[in-house]
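In: Quick check, what structure comes out for this input:
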Amino acid sequence: MKKLLLYSGIIAFLVLSGCTEKKSKTEYSNPLDVAFGDPYVLKASDGKYYMYGTGGVKDGFRVCSSDDLVHWKEEGQVYKGNTEDSWGIGDFWAPEVYEVEGKFYMFFSAQWKENPTNELENFRIGVAASDKPTGPFKEISNGPVFDPGYPIIDANLLFSDDGRVFMYYSRCCYKHTVKSEVADWARKQNLFEEIEESWVYGVEIKPDFSGIIGEPVLLLRPPVKMDNKQTEWESRSVTSGEVNRRWTEGSYIFKKDETYYMMYSANFYAGKNYAVGYATSKNPLGPFTKADNNPVLQKNTEQGGEVTGTGHNSVTWSKDGKKMYCVYHGRTKASGQERVVFIDAMEVTNDGKLLVHGPTTTPQVLD
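Out: Numbers count the residues shown, from 1 in each chain. Below is the predicted model of the structure:
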C-alpha cells in the first residue's frame, strides 16, 4: 500500500511539475513566438530545425533553433552585410540555408552596391557559407551569383535526382510594366496608369554556386486575361486600389512522386491580401500549370478569423519525414504590421492536390 501511494505521489508530482512534457512540447497555437518575415526552416543532419528569416537584426540575418518546431531558441546573428567586403548594401531579406556535404550555404537577397545608374531597386542574390547552421556565414564571392540585367530576389533551390541543381527567383516589379486586361481595367477605373509585375524564373546553377548554366526560363507570371481563374486572387492588390503592382514571388519547389510542386506568393507583401498558390510540372524547368484550387493559403478575416498577409512560405517535414508543414509569415490584430511566423499542416492528396490546413490560431498538436 505504501508503494502504491508512493507511485501515485510521484505521478502526481510529475504531472503538476510539467515533467511529463510529451504533450506540452508538441501542443501549440499560432502565431509562434518568432517575429520573422519570409521564414525558412532547415531540417539539418544534426536532428535540429533551424529557422532563418527577414528582420530582427541590423545588416543581415539571425537564426533560431528548435527540436520540435514549436519551441524556438534564439541563436543570434549569423550573417552581417553592409561591410567593406560584402557586395550587398541596404536591406537584406529572404535567406534560405542548404546543407551540402557538411557545409551550409545561405542564399539571400540584397541591394547590389554596383549601381552606376542609381536604381532604386538594384537587388541581386548572393551566397554565403559556414561550417555550422548557426554561422558565421561568409560570402563565397565578392558579387552576386549572376546579373540578369534586372533586379531579382527570393532564391530557392532544387537538388534534382540526376545531381543537377536549379535556382528559382523572382524578377522584381521595378520598371517592369506589363500590358494585360487587368492593367486596362485599372486604367479605365482611374486606379493606376500602368501595372508593374514580378515573374518567377528558373535556371540551372553550378554545383559550387559560383554561377548559372544556360539561360533563365520564365516559369510563372500573373494572368493576362480577366476571365482567367487565377486573376481574381492574384490581382487583389490592384483591384482594391492598394498598389499598382502584381507579384509572383517567394517561390518554393519540392518534388512529390513524379510531380514538381512550386508554391508562390501573390499581392503586396505588406498588405492584407498576400496569399499563396501553387503550380505543378513534370520537369524542374516547366512548363508549370497553376492549380484549380488556388489560393491554398490566404487571410481568414472573412470567416471570422484575425489573420492577414499570409505568404512567402517554406516547407519542412516531421522528424520521420512523413508529415509536411507549411511555414509562413502573417499578421494578426496583436502583431499589427509586424510579421510573425505560423506553422500549419499541409498535404498532397492522392489525386495530387496540395492543401494547407491554415491559417490557424487555435490550439493544436504538432506530430
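In: how close does Asp38 get to Phe92?
Out: 11 Å (CB to CB, to the nearest Å). Where C-beta positions appear, they are placed from N, C-alpha and C, glycine not excepted.
In: overlap in contacts of those two?
Out: Thr54 (CB atoms under 8 Å, 6 or more residues apart in numbering).
In: Compare these two (neighbour count), which wins?
Out: Asp38 (29 against 24; other CB atoms under 10 Å).
In: That one: which element?
Out: strand 37-43 (DSSP states H and E).
In: How about Met346?
Out: Using DSSP H and E, Met346 sits in strand 340-348.
In: Just checking: what are the partner strands of that strand?
Out: Each strand paired with strand 340-348, and its direction, by DSSP bridges: strand 324-331 (antiparallel), strand 354-356 (antiparallel).
In: Same list, those strands, but as TSV with distance to Phe192, mean neighbour count and mean pLDDT please.
Out: Shown next, in TSV, are these (distance: least, CB to CB, whole Å; neighbours: other CB atoms under 10 Å; pLDDT from 0 to 100):
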stretch	distance to Phe192	mean neighbour count	mean pLDDT
strand 324-331	24	26	98
strand 354-356	31	22	98
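In: between the ones you listed, which gets nearest to Tyr261?
Out: strand 354-356 (5.7 Å; CB to CB).
In: Contacts made by the helix or strand following that closest one with the rest, please.
Out: Heading C-terminal from strand 354-356, the first helix or strand you meet, by DSSP H and E, is strand 364-365. Here strand 364-365 makes contact (CB under 8 Å, 6+ apart) with 23, 26-29.
In: Reformat those residues into JSON lines and put distance to Pro287, pLDDT and neighbour count next to each item.
Out: Below are the contacts of strand 364-365 laid out as JSON lines (distance: CB to CB, whole Å; pLDDT from 0 to 100; neighbours: other CB atoms under 10 Å):
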{"residue": "Lys23", "distance to Pro287": "46", "pLDDT": "41", "neighbour count": "8"}
{"residue": "Thr26", "distance to Pro287": "40", "pLDDT": "80", "neighbour count": "15"}
{"residue": "Glu27", "distance to Pro287": "43", "pLDDT": "91", "neighbour count": "12"}
{"residue": "Tyr28", "distance to Pro287": "39", "pLDDT": "95", "neighbour count": "19"}
{"residue": "Ser29", "distance to Pro287": "40", "pLDDT": "96", "neighbour count": "12"}
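In: could those be laid out in TSV, adding distance to Pro148 and secondary structure?
Out: Listed next are those as TSV, based on distance: CB to CB, whole Å; DSSP: H, G, I helix; E, B strand; the rest coil:
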residue	distance to Pro148	secondary structure
Lys23	50	helix
Thr26	44	helix
Glu27	46	strand
Tyr28	41	strand
Ser29	42	coil
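In: Distance to Tyr174 added to the strands paired with strand 340-348, as CSV?
Out: Shown next, in CSV, are these (distance: least, CB to CB, whole Å):
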stretch, distance to Tyr174
strand 324-331, 22
strand 354-356, 29
